[in-house]
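Novice: Give the three-dimensional model of this entry:
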Amino acid sequence: MFKILFATTCLLVVSSAALAQDKIEGKWHCKPTGQQKYDVGDQPDHIFGIAKGTCDATGNSLNEKSGAWTETSEVTKTTAISHGRFIATTDSGDKIFYTYEVTSSLAKKTGTNKLRITSGTGKYKGIKGSVSCDGTFDDDRNSDWNCTGTYTTAPAK
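Specialist: Next up, the predicted model:
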């Protein structure tokens, strides 16, 4: 009985260490590289859009250097809600894949971004996590984001 209890305890300690969460911090500067919009027609300034763009990172704790995003948006006179995918490239060339939702106030030119890390390549294979960002926009839809979050990586095999 003691051997079973000891083995179970060891397994729990190893499992919890493998699933420890690490913190993410970083800043991104993003700019659109292409966009298309379509008027909905039910009210003024109501559009659906699709856009893509690139980002550069600074001070990023996951060694992410650049990224590319693609999104769909619904925009009204005061608010935009966007859903998209973000692919970050690290300094070693590995990729980290995200899904996200941005809610923006058009009058204030601010936004909040909720991201989920879904997977990665190389060193980041098996990564999972969540990130929250606060951002500001200029008139050309360039944006600056301050991000924090947590992630876990898959246990080494």
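Novice: Give me the next element, helix or strand, following the worst-scoring helix or strand of the chain on mean pLDDT.
Specialist: Least confident helix or strand of the chain, by mean pLDDT, DSSP states H and E, is helix 2-18 with a mean of 38. The helix or strand immediately downstream of helix 2-18 is strand 22-39, counting by DSSP states H and E.
Novice: For the nearest residue to residue 21 once chain neighbours are set aside, give its distance to residue 65.
Specialist: Take residue 21 and drop its neighbours on the chain: the residue closest to it by CB to CB, 6 or more residues apart in numbering is residue 150, 4.2 Å away. For the C-beta atoms, the positions are set from N, CA and C on the backbone; glycine is no exception. Per CB to CB, to the nearest Å, residue 150 is found 21 Å from residue 65.
Novice: re the thing from before, could you pull up phi and psi at the residue nearest to residue 21?
Specialist: phi -140, psi 160 (degrees, to the nearest 10).
Novice: Contact partners for it?
Specialist: Contact analysis of residue 150 by CB atoms under 8 Å, 6 or more residues apart in numbering lists 21, 22, 23, 24, 129, 130.
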